[in-house]
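In: Show me the folded form of this:
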Amino acid sequence: MNTVIYMDYGRENVISDKIQSILNEQINKEFYSAYLYLAISAYFDEIGLKGFSNWARVQAREEVDHGMILFDYIIERQGSVNLTPITSPEARYGSPLEVFELIYSHEKYVTESINGVANMTDEECDLATRYFINWYISEQVEEESNVDDIIKKLKMFGADKASLYHIDKELLTRAYKPHTYNA
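Out: Numbers count the residues shown, from 1 in each chain. Next up, the predicted model:
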């Protein structure tokens, strides 16, 4: 008779269940953001704004990076990743200005969510995760600022097609650079 012995090495989560749960929720929000930006990219492709499409596609890749950084952090802290279904984003959009106002609203929602994570780390006295999440806080300031700059340009030039063409050309130059967590 063969007996299988399972060894329990006493591995316990280094992060609390509350922190693990809120980080898993954030992973879902980051991947949803990627879906949203891909839907927006497809929309801009459909209406012939290749630069706007490129901007959104690059943003989608960055959002996947953000999700994966959280994914890796949970594993590094000996937690469990719990992937949940991602909601489908809206597929119909309006003018470029309306789309970027939607994006700005979404980024503010993500900022609020990240701030919720930060608050939870304070409540749980998890200084390591608080230090980690500060990178996301800084990232969100940059994200909101970049979108706000595009909104200002779109508002300044209105529906002027020549100006829209120039903004489109400018956004076409955006290149993807992998995001990594730098402590």
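In: quick one: contacts for Asn82?
Out: Ser21, Asn24 (CB atoms under 8 Å, 6 or more residues apart in numbering). Every C-beta, even on glycine, is put in place using the N, C-alpha and C of the backbone.
In: which element is it on?
Out: Here Asn82, judged by DSSP states H and E, is contained in no helix and no strand.
In: quick one: low-confidence parts of this structure?
Out: 1-13, 183 (pLDDT under 70).
In: In it, what residue spans correspond to helices?
Out: Applying DSSP state H to the chain gives helices spanning 17-46, 50-76, 96-123, 127-157, 161-172.
In: Any chance of a markdown table for these, columns mean neighbour count?
Out: As requested, these are exported to a markdown table (neighbours: other CB atoms under 10 Å):
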| stretch | mean neighbour count |
| --- | --- |
| helix 17-46 | 19 |
| helix 50-76 | 20 |
| helix 96-123 | 17 |
| helix 127-157 | 16 |
| helix 161-172 | 14 |
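In: Which among those is found nearest to Pro178?
Out: helix 50-76 (6.1 Å; CB to CB).
In: Now do the closest one and helix 161-172, the angle between them.
Out: Counting by axes from the mean of the first three to the mean of the last three CA atoms, to 10 degrees, helix 50-76 lies at 30 degrees to helix 161-172.
In: distance between helix 50-76 and the chain's centre?
Out: On the basis of CA atoms, centre = their mean, to the nearest Å, helix 50-76 sits 6 Å off its chain's mean C-alpha point.
In: quick revisit: looking at the helices of the chain, which is closest to Pro89?
Out: helix 17-46 (4.2 Å).
In: now that closest one against helix 96-123, angle please.
Out: Going by the same axes, to 10 degrees, helix 17-46 makes 170 degrees with helix 96-123.
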